[in-house]
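Chemist: Sharing a model prediction with you, sequence too.
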Amino acid sequence: MTASRYETGLARLTEIDGAAGENVIAALADIAPDLGRYVIEFGFGDVYSRPGLDIRSRELATVAALTALGHAQPQLAVHLHAALNVGCTREELVEVIIQMSLYAGFPAALNAMFTAKTVFEAHGQTTHQTTNQ
């Protein structure tokens, strides 16, 4: 028997985001439970479960996209946590955000970097790394 889209999506959401993702879905339960179901079924059951990219690559792409939007800090924070959960490094995430300054502008990159700083502190990753000049 094959797992339903919902079951597949919920398992993937839990794997990637853990409690943070589940909290987002739970917060929608009393206002828009269908939106929560769509996130699970389509976002995580269909898209995040596709072959072709590993989870780390998907999270790096998501961090880049949310950084470029420039106004999705709550979602960016969830996906920065998720990226760390699936093995992305602090240095990789900082580099993705810096890369987005070129395409999305400095305000979007600054917003993202300050969100990342908060997430890194929550993960106990506060050491500054020097860059190659």
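Modeler: Received, thanks. Residues are numbered from 1 along each chain as shown.

Chemist: what stretches of this structure score poorly on pLDDT?
Modeler: Flagging of the chain using pLDDT under 70 yields the residue ranges 1, 127-133.

Chemist: Break it down into its structural domains.
Modeler: For the chain, automatic domain parsing gives the domain ranges 1-50, 53-133.

Chemist: can the ones you listed go into a markdown table with extra columns for mean neighbour count?
Modeler: Where C-beta positions appear, they are placed from N, C-alpha and C, glycine not excepted. Formatted as a markdown table, those follow (neighbours: other C-beta atoms under 10 Å):
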| stretch | mean neighbour count |
| --- | --- |
| domain 1-50 | 15 |
| domain 53-133 | 16 |
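
Chemist: Provide a list of residues in contact with residue 35.
Modeler: Contacts for residue 35 (C-beta atoms under 8 Å, 6 or more residues apart in numbering) come out as residue 28.

Chemist: That one sits in which helix or strand?
Modeler: Assigned by DSSP states H and E, residue 35 falls within helix 33-38.
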